[in-house]
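[1] Sequence plus the predicted model coming up.
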Amino acid sequence: MPYLPCIESELHCSADRPANAAVIWLHGLGASGDDFAPIVPELKLPAELSVRFIFPHAPQIPVTINGGFVMPAWYDILEMDIDRKIDEQQILASAASISALIDREIERGVDSQRIVLAGFSQGGAVAYQTALTYPKPLGGLLAMSTYFATSATIVPSDANKNLAIEIQHGSQDAVVPESLGERALGSLVKMGHSPTYKSYPMEHQVCFEQIKDISSWFQSVLNA
């Protein structure tokens with residue numbers, strides 16, 4: 001399988017000190033891997049964490065809810081109602097592409113338990129599917145302003161039954177209502193997970209307070 005094109009940013013890494021952790025961060029609909037790359041220095045992670053950040057670009061596909069316009073998307077959204085009817089085969093294909101990036105990090109020498117998936121909006125839906133089905137234990141899953149699109153059909157892996165999961169959502173989000181973030185929380189609890197949940201007074205975006213919380217959470221899971 002050819003790898004998705006990605007932006008890579010290494011923090012506190014060198015030839016003598018290769019990355020000992022990795023964060024694969026998925027953007028939202030119509031965006032690109034460039035979206036979250038500028039956040040890396042804002043996280044102010046400590047020097048002892050040598051982290052490779054990977055920001056993949058979603059493929060260009062027609063998106064039904066946007067009149068069939070071709071744009072970066074992890075999967076097609078067929079209807080914009082609260083239950084968001086999606087093309088499930090496309091989300092599974094995108095999850096397989098992200099799993100391939102995880103495999104590559106393991107081949108590069110990063111322990112699977114030091115690999116974290118992060119996803120915003122549509123990217124978060126793919127991150128849920130990927131992390132919860134990956135056959136080796138991962139370090140964590142950060143789900144931002146997103147929803148658990150495959151909660152009814154997912155076949156989870158026992159390897160990640162104790163996965164650290166953080167859900168973050170904006171209370172004023174009109175694109176992905178917070179009720180969908182809360183629904184994801186409930187689905188995960190029913191599956192036996194113990195996710196943490198944070199709500200922010202913001203719209204469909206990332207705020208400064210949240211960036212500080214992301215930094216703290218990354219440190220907690222990567223120093224565990």
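    It's in.
[2] so what's the nearest residue to residue 35 once chain neighbours are set aside up against?
    Of all residues not flanking residue 35 in the chain, residue 27 sits nearest, at 4.4 Å (CB to CB, 6 or more residues apart in numbering). In this view, the C-beta of every residue, glycine as well, is placed from N, C-alpha and C. Contacts for residue 27 (CB atoms under 8 Å, 6 or more residues apart in numbering) come out as 33, 35-36, 55, 57-58, 72, 120-121, 123.
[3] Which secondary structure elements does the longest helix seen in the chain sit against?
    Determined from DSSP state H, the single longest helix within the chain is helix 88-107. In terms of contacts (3 or more CB pairs under 8 Å, 6 or more residues apart in numbering; DSSP states H and E), helix 88-107 is packed against strand 21-26, strand 51-56, strand 115-120, helix 122-133.
[4] what's near enough to touch residue 199?
    Contacts for residue 199 (CB under 8 Å, 6+ apart) come out as 168-171, 178, 181.
[5] can you do 7 Å?
    Taking CB atoms under 7 Å, 6 or more residues apart in numbering, we find residue 199 in contact with 169, 171, 178.
[6] per-residue confidence averaged over stretch 64-78?
    Mean pLDDT, computed over stretch 64-78, is 94.
[7] Residues in contact with it: which ones?
    Outside stretch 64-78, the residues that reach it (CB under 7 Å, 6+ apart) are 26, 29-32, 57-58, 60-63, 80, 84-87, 90-91, 94, 122-123, 126.
[8] go with 6 Å
    With contact meaning CB atoms under 6 Å, 6 or more residues apart in numbering, stretch 64-78 is reached by 29-30, 32, 58, 60-63, 80, 85-87, 90-91, 94, 122, 126.
[9] Could you list the low-pLDDT ranges of the protein?
    Low-confidence segments of the chain (pLDDT under 70): 1, 82-83, 224.
[10] quick one: the helices in it?
    Applying DSSP H to the chain gives helices spanning 39-42, 88-107, 122-133, 178-190, 208-222.
[11] what residues does the last one touch?
    By that I understand helix 208-222. 21, 42-43, 49, 139-140, 164, 166, 168, 200.
[12] May I see the buried residues of it?
    For helix 208-222, a neighbour-count test (16 or more other CB atoms under 10 Å) marks 210, 213-215, 217-219, 221-222 as buried.
[13] Check the longest one too.
    By neighbour count on 16+ other CB under 10 Å, the buried set for helix 88-107 is 90-92, 94-95, 97-99, 101-103, 105.
[14] Please list all residues in contact with residue 196.
    By CB under 6 Å, 6+ apart, the residues touching residue 196 are residue 166.
[15] rerun that using 8 Å as the cut-off
    Contacts for residue 196 (CB under 8 Å, 6+ apart) come out as 165-167, 217.
[16] roughly how far apart are it and residue 178?
    Separation of residue 196 from residue 178 (CB to CB, to the nearest Å): 15 Å.
[17] and what of residue 45?
    For residue 45 relative to residue 178 (CB to CB), the value is 28 Å.
[18] So between these two, which is more surrounded?
    residue 45 (20 against 16; other CB atoms under 10 Å).
[19] how many neighbours does residue 155 have?
    7.
[20] Can you pull the phi/psi pair for it?
    phi -110, psi 90 (degrees, to the nearest 10).
[21] Thought residue 135 was touching it, still the case?
    No: with contact defined as CB atoms under 8 Å, residue 155 does not reach residue 135; the gap is 11.4 Å.
[22] Stretch 111-129: how far from the chain's middle?
    Put simply, stretch 111-129 sits 3 Å off its chain's centre (CA atoms, centre = their mean, to the nearest Å).
[23] Noted, bye for now.
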